[in-house]
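In: no sequence on this one, just coordinates:
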């Protein structure tokens, strides 16, 4: 039995729209112990993300970073705040380590990830 998620075909994978986003602001979520609010720039628009990063990052650590975001995920309210995408992060099984995926160098906001 595999420890990985169910296998998907290429057509399903290709529906994901992943982009580079620059983090503009980061604040603690006012109504959640583990969530943070990120304001991101996608080149042509700005959005808000809600992410479970509290305890793994201080707000200032992420500002100015280029992160990877799934931009075509349906918006979702999380503890009263709207999340307009999902950032990608590496997470250990016990969630002791959470590391946001970033680019290795400067890449314009809005660039496609493939």
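Out: It's in. Since the model is a prediction, treat every value here as computed from it, not as a measurement. Residues are numbered from 1 along each chain as shown.
In: can you give me the helices in this protein?
Out: 10-13, 59-62 (DSSP state H).
In: average model confidence for the last one?
Out: Just to be clear, that refers to helix 59-62. Summarised as a single mean, pLDDT over helix 59-62 is 92.
In: before we move on, what about the first one?
Out: Per-residue pLDDT values across helix 10-13 average out to 95.
In: thinking again about what came up before, out of the helices of the chain, nearest to residue 25?
Out: Proximity to residue 25 (CB to CB) singles out helix 59-62 among these, at 8.2 Å. Glycine gets a C-beta too; all of them are placed from N, C-alpha and C.
In: go through that closest one and flag the buried ones.
Out: Residues 59, 62 are the ones in helix 59-62 that count as buried (16 or more other CB atoms under 10 Å).
In: over to stretch 93-109?
Out: Across stretch 93-109, burial judged by 16+ other CB under 10 Å covers 98, 100, 102, 109.
In: I'd guessed residue 42 sits against residue 110; true?
Out: Yes: if you go by CB atoms under 8 Å, residue 42 and residue 110 touch, sitting 4.9 Å apart.
In: neighbours of residue 37, how many?
Out: Neighbourhood size, residue 37 [other CB atoms under 10 Å]: 21.
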